[in-house]
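In: need a structure here:
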Amino acid sequence: METDCYCTSLRVAARRASAIYDRALEPVGITSAQWGLLRRVPQPGGEPITIQDLADRAELERSTVARNIRVLEKRGLVEMTTSSTDRRASAIVLTPDAVAVTAAAQPLWQRAQREIEQALSVESAGELRRLALSV
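Out: Model (predicted):
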């Protein structure tokens, strides 16, 4: 699709990249969006993170994170508790199952990283990431 719109082009590229990661992570039963959240949640025994703090870290809307966390909770990958600093806030920590899933997902994610780098070149992929984070 040819367009001179940066927004449209970036959205298409993001969907294509997400599809590469989703295919790679499929064997462990998580999506790229879930992977992105799981990597930001503390390990078992760590200080739980609130949904709002996780949303801030992931630069996502709180409602989007809450929806995804409910799915991960049903799968037994995160545990919900009450925040130790604010009893009104829910807090999240990984379960031992999530630790196993993320360990199994790591090489699959790395394979997707290499696929992106092969398609764009390592230098171009790095520059793309740098530019995307500077906007």
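
In: residues in contact with the most centrally placed residue in the chain?
Out: In the chain, the centroid-proximal residue (C-alpha atoms, centre = their mean) is Gly36; its distance is 1.1 Å. Listed by C-beta atoms under 8 Å, 6 or more residues apart in numbering, the contact partners of Gly36 are Ala58. In short, each C-beta sits where N, CA and C put it, glycine included.

In: what's the helix or strand for it?
Out: Using DSSP states H and E, Gly36 falls within helix 32-38.

In: can you point me to the longest helix in the chain?
Out: Ranked by residue count under DSSP state H, the longest helix found in the chain is helix 96-120.

In: Alpha carbons of the one helix or strand Ile92 maps to, in CSV - could you do that?
Out: In this assignment (DSSP H and E), Ile92 forms part of strand 90-94. Extracted C-alpha coordinates of strand 90-94, given in CSV (Å, rounded to 0.1, in the frame of the first residue of the first chain):
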residue,chain,number,x,y,z
SER,A,90,-4.6,-3.7,42.2
ALA,A,91,-1.0,-4.9,42.0
ILE,A,92,0.5,-7.6,39.8
VAL,A,93,3.4,-10.1,40.1
LEU,A,94,4.4,-13.0,37.9
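
In: Let me see the residues that make contact with that strand.
Out: Under C-beta under 8 Å, 6+ apart, the answer for strand 90-94 is 38, 41-46, 48-51, 54, 69, 77-84, 102.

In: In the sheet, which strands lie alongside it, parallel or antiparallel?
Out: If you go by DSSP bridges, strand 90-94 pairs up with strand 49-50 (antiparallel), strand 78-82 (antiparallel).
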